[in-house]
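Student: Kindly generate the corresponding structure for this input.
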Amino acid sequence: MDEVVFFDTAKSKVADFFEREFPSFPPLLMSHFLNRFNDIMNYTEEGMKIRPKLVFTDSIETVSKILTKTTTMTIFEDAEPIMFNSRLKSLLSIAKQDWCLFIDIKEHKISYGLIMSFRSIKDKGVLQLLEENTTLRERQNKISCIIARPLNFYSMNLHSISGDDLLVNFSLDKSKSNDIAVAIDSFVSASFTKLRTTQRKLQDMKNMYHNIFNEVLNDVKGAICVIVDKDYTDNGFFEDGIWLKEPINFSRLFTQSKSYSEEKLQAYATMFKNMLNFDGITIIDNMGRIRAYNVFVEPNSKKVGYVVGGARKRAAFHIISSRKKGILAVYFQSHEGEVFFQEVKHREKKAEPKPSYKQQVLF
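Tutor: Have a look, this model is predicted:
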């Protein structure tokens, strides 16, 4: 008989996490959730992948009230969890972009619906607000709330308002078990190291980049974004691409924070996402300016070595291994949802030998 391997450890860890963070969670609902766990990570609608965000709570009213500027729309109400699969399927296809799917669990009623926060693209999204809200955290003994967020085809993150996290990863490749949130955070921080502005405007821009790249994670099949120094001049390494005559400077859109154009900001953010979704590499600098897109490089197999993955991944490692001055870091995202951020280590200049005493006299 062939050996059969099950992911029972992951199953028990998820059940333990809910038992600890959401004690009143119905066992039957847990059984349905675990049975659909893999389907949620790999859900597709008419050939398009959808990575829905699920919010399990026992007080959606309190959550919505505390977050402010948030709306909820209840669509189904049941007395028992038996309809979970059917309700989930009905809502997954519309739980896109900023809409999150909520399951509100009361003693004799389970409600299913959608929640979203009305915000500018420069404001934090509903998931960030849920994860960071101190008022919710202070009420963790009174209400329960767990966010389930699929990250790619093989992993899902569970986060409770107490601040605990559980990353469930079904990949057999340990190199793919990186923390996607950390990768995006690192990328966003590196994108503005040379930008000089007020702390408020800097945070607004970082929020915008976070929102863009969280959308990219859900909507874009694959992407490479390279960060270069603000004074970078290409010497031919990135010549096969489209360099903008005038870089797209997001910081100028925040010059007057009270009168900025939300429509213009959204339009440029959409353009940025479209560039990332286009073939090739998108290049920005460490002032957050978009410099080029549709850029291609020819990987050097001798320098890169053996890389498990497609042409996009080989291109990413070719850039990293180039160690060229002015190229600072690479953000990579594969079609399957593998994500990493890696800084480019530059060659250290060898110290010039000090002249001997005799040479000093001669010169």
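
Student: From Thr135, how far out is Asn211?
Tutor: Look at Asn211 and Thr135: by C-beta to C-beta, to the nearest Å, they are 22 Å apart. Heads up, the C-betas are built off the backbone N, CA and C, glycines and all.

Student: So those two - more neighbours on which side?
Tutor: The neighbour comparison of Asn211 against Thr135 (other C-beta atoms under 10 Å) goes to Asn211, with 21 against 11.

Student: Does the more buried one touch Ser120 like I think?
Tutor: No. Under the contact definition of C-beta atoms under 8 Å, Asn211 does not touch Ser120, with a separation of 9.3 Å.

Student: Now for Val188, how many residues are close by?
Tutor: 20.

Student: May I see the buried residues of stretch 86-102?
Tutor: Across stretch 86-102, burial judged by 16 or more other C-beta atoms under 10 Å covers Arg87, Leu88, Leu91, Leu92, Ala95, Lys96, Asp98, Trp99, Cys100, Leu101, Phe102.

Student: Please apply the same query to stretch 108-115.
Tutor: Neighbour counts over stretch 108-115 (16+ other C-beta under 10 Å) mark Ile110, Ser111, Tyr112, Gly113, Leu114, Ile115 as buried.

Student: Then stretch 290-301?
Tutor: Across stretch 290-301, burial judged by 16+ other C-beta under 10 Å covers Ile290, Arg291, Ala292, Tyr293, Val295, Val297, Pro299.

Student: so the third one sits in a strand?
Tutor: This means Ala292. Yes. Secondary structure of Ala292 (DSSP: H, G, I helix; E, B strand; the rest coil): part of a strand.

Student: who does it bridge with?
Tutor: Per DSSP bridges, the residues bridged to Ala292 are Trp243, Ile283.

Student: Could you dump the buried residues of stretch 290-301 into TSV and include distance to Phe187?
Tutor: Shown next, in TSV, are the buried residues of stretch 290-301 (distance: C-beta to C-beta, whole Å):
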residue	distance to Phe187
Ile290	14
Arg291	16
Ala292	17
Tyr293	16
Val295	17
Val297	19
Pro299	21
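
Student: Which entry within these corresponds to the minimum pLDDT?
Tutor: For these, the weakest pLDDT value sits at Pro299, with 82.

Student: wait, isn't that residue in contact with Arg314?
Tutor: Yes. In this structure Pro299 lies within contact range of Arg314 using C-beta under 8 Å: 4.3 Å.

Student: pLDDT weak spots in the stretch 151-300 of the chain?
Tutor: Low-confidence segments of the stretch 151-300 of the chain (pLDDT under 70): 173-178, 255-260.

Student: where along it do the strands fall?
Tutor: For the stretch 151-300 of the chain, applying DSSP state E, counting those that start in this stretch gives strands covering 155-160, 165-169, 223-228, 240-249, 281-285, 289-296.

Student: ranking those by burial, who's on top?
Tutor: The highest mean neighbour count among the strands of the stretch 151-300 of the chain, using mean count of other C-beta atoms under 10 Å, belongs to strand 281-285: a mean of 26.

Student: packing partners for that one?
Tutor: When contacts are defined as 3 or more C-beta pairs under 8 Å, 6 or more residues apart in numbering; DSSP states H and E, strand 281-285 packs onto strand 223-228, strand 240-249, helix 262-277, strand 289-296.

Student: so who does Phe56 touch?
Tutor: Applying C-beta atoms under 8 Å, 6 or more residues apart in numbering, one finds that Phe56 lies in contact with Phe18, Phe22, Phe25, Phe102, Ile103, Ile105, Ser144, Cys145, Ile146, Ile147, Ala148.

Student: Relative to Leu253, which of the residues you listed is nearest.
Tutor: Ile147 (30.5 Å; C-beta to C-beta).

Student: ok but the closest one is inside a strand, no?
Tutor: Yes. The assignment for Ile147 by three-state DSSP puts it in a strand.

Student: Please name the residues that touch the residue nearest the centre of the chain.
Tutor: Nearest to the geometric centre of the chain sits Asn214, at 4.0 Å (C-alpha atoms, centre = their mean). Taking C-beta under 8 Å, 6+ apart as the definition of contact, the neighbours of Asn214 are Gly125, Ile184.

Student: what about the strands in the stretch 1-150 of the chain?
Tutor: Counting by DSSP E, counting those that start in this stretch, residue ranges of the strands within the stretch 1-150 of the chain are 44-45, 48-49, 54-57, 70-78, 100-105, 110-117, 145-150.
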